[in-house]
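In: I'd like to go over a predicted model; first the sequence, then the structure.
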Amino acid sequence: MDWDPTQFFRTDAHNPPSPYALLVLNQPINEKAFKVLREHANYTICADGGANRFYDLMRKNGLESTILPDCIIGDLDSIHASVHTHYSSLGVTIIQDPDQYSTDFTKSLKYLRTHTPDITSPSPSSHSSYPQTAGNGRLEILILGGLGGRVDQAFSQIHHLYLMTRSYSSDQAAGNLYLVSEESLTFILQPGRNVIRTPKTNRPIPGSAADSTDSTGCGGDGESETHLLEENVGIIPISGPARITTKGFQWDVEDWPTEIGGQLSTSNHIRADVVEVTAEVPILFTVELAKRFKRVR
């Protein structure tokens, strides 16, 4: 399977990203990443209390009445009454789904999956102020959430990312899911060979002192404003023991046993513009965002 996680952060007008939606959870928003990601998003959906986070961020910049989510969905027990009224008065679609057997996160993902054909086809009636890209039948989903707060909530996000990725994997028309947190981009690799494109990673020039930086704090491949990723990655088996084979990292392995409580590949380093991870089970892959995309705390 091919992955291109940096496409959403690139600014090349001649090479636009695949159609994608932003899903805002009730977690602190990585404002620096969001500012870039919203430029080409086809759709923005807030999961219940995520609308409060979205509103607060827009209000901070004086944009609460001009940049709007396309939809708010959930059991609506977390959205503030004032925020509900504000967006309702501006015509934003607000859907109450009382199903207690699914979270607001999964309700949002299911909504996006159901409405993918409409979202990927430009519509003049959309509330989105972002340019829409002609669709190819797939909709990538970037989930804006945090992993630096409560540990149980962080595990819940990883849990649902895993569950919904597994659900999506059976649908050839479904796009990939990415979690954008305070400092990282995280997704679940599928069983088999995964090819991950990692251009413009801040890494040393081959042949230079490993992991060295110059006085500006940049690696050897260019100025910091051109970087999309830092070199640090984690390759974590979250569904049980696994054996992995990797290519393009500082420490590559072949048929290497890994599991929670045993050996783990954390703090490995990207050493190529394209890397590979092969395993027979789903594997969590997390890569550090470039400094310019990290949330200021």
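Out: Arrived safely, thanks for sending. Residues are numbered from 1 along each chain as shown.
In: any stretches of this structure with poor pLDDT?
Out: For the chain, the stretches with pLDDT under 70 are 13, 122-136, 168-173, 206-224, 297.
In: and the helices in the stretch 151-297 of the chain?
Out: Applying DSSP state H, counting those that start in this stretch to the stretch 151-297 of the chain gives helices spanning 151-169.
In: return the distance of the closest residue in space to Phe9 that isn't next to it in sequence relative to Pro204.
Out: In space, and not counting its chain neighbours, Phe9 is closest to Leu228: 5.1 Å by C-beta to C-beta, 6 or more residues apart in numbering. The way it works is simple: take the backbone N, C-alpha and C, and place the C-beta from them, glycine included. For Leu228, the distance to Pro204 equals 16 Å [C-beta to C-beta, to the nearest Å].
In: neighbour count for these two, which is higher?
Out: Legend: neighbour count by other C-beta atoms under 10 Å for Leu228 and Pro204, higher for Leu228 (22 against 18).
In: need the contact list for that one.
Out: 6, 9-10, 199-201, 289-290, 293 (C-beta atoms under 8 Å, 6 or more residues apart in numbering).
In: try it again with 7 Å
Out: By C-beta atoms under 7 Å, 6 or more residues apart in numbering, the contact list for Leu228 reads 6, 9-10, 199-200, 290.
In: then Phe187?
Out: Contact analysis of Phe187 by C-beta under 7 Å, 6+ apart lists 3, 5, 176-179, 285.
In: for Glu276, same thing?
Out: By C-beta under 7 Å, 6+ apart, the neighbours of Glu276 are 193-195, 246-248.
In: what's the answer for Pro69, then?
Out: So Pro69 contacts 44-46, 51, 54, 92 (C-beta under 7 Å, 6+ apart).
In: ok, so of those, who is nearest Leu23?
Out: Among the contacts of Pro69, Ile45 lies closest to Leu23 (C-beta to C-beta), at 5.5 Å.
In: that closest one falls within a strand, correct?
Out: Yes. Judged by DSSP: H, G, I helix; E, B strand; the rest coil, Ile45 forms part of a strand.
In: just give the number of residues close to the residue nearest to Phe8 when sequence neighbours are not counted.
Out: Among residues not flanking Phe8 along the chain, Pro17 sits closest, at 5.0 Å (C-beta to C-beta, 6+ apart). Pro17 is flanked by 20 other residues according to other C-beta under 10 Å.
In: would you agree Pro17 is in contact with Glu39?
Out: No. In terms of C-beta atoms under 7 Å, Pro17 does not count as a neighbour of Glu39; the distance is 9.8 Å.
In: and the angle from the host helix or strand of Ala21 to strand 43-47?
Out: Using DSSP states H and E, the element containing Ala21 is strand 20-24. Relative orientation of strand 20-24 and strand 43-47, computed by axes from the mean of the first three to the mean of the last three C-alpha atoms, to 10 degrees: 20 degrees.
In: and the next helix or strand after strand 20-24, how far from the chain's centre?
Out: Next helix or strand after strand 20-24 toward the C-terminus (DSSP H and E): helix 31-37. Put simply, helix 31-37 sits 11 Å off its chain's centre (C-alpha atoms, centre = their mean, to the nearest Å).
In: same question, stretch 80-94
Out: Per C-alpha atoms, centre = their mean, the centroid offset for stretch 80-94 relative to its chain is 26 Å.
In: before we move on, what about stretch 281-294?
Out: Taking C-alpha atoms, centre = their mean, the mean C-alpha location of stretch 281-294 is offset from the chain mean by 9 Å.
In: residues of it that come out buried?
Out: 281-290, 293-294 (16 or more other C-beta atoms under 10 Å).
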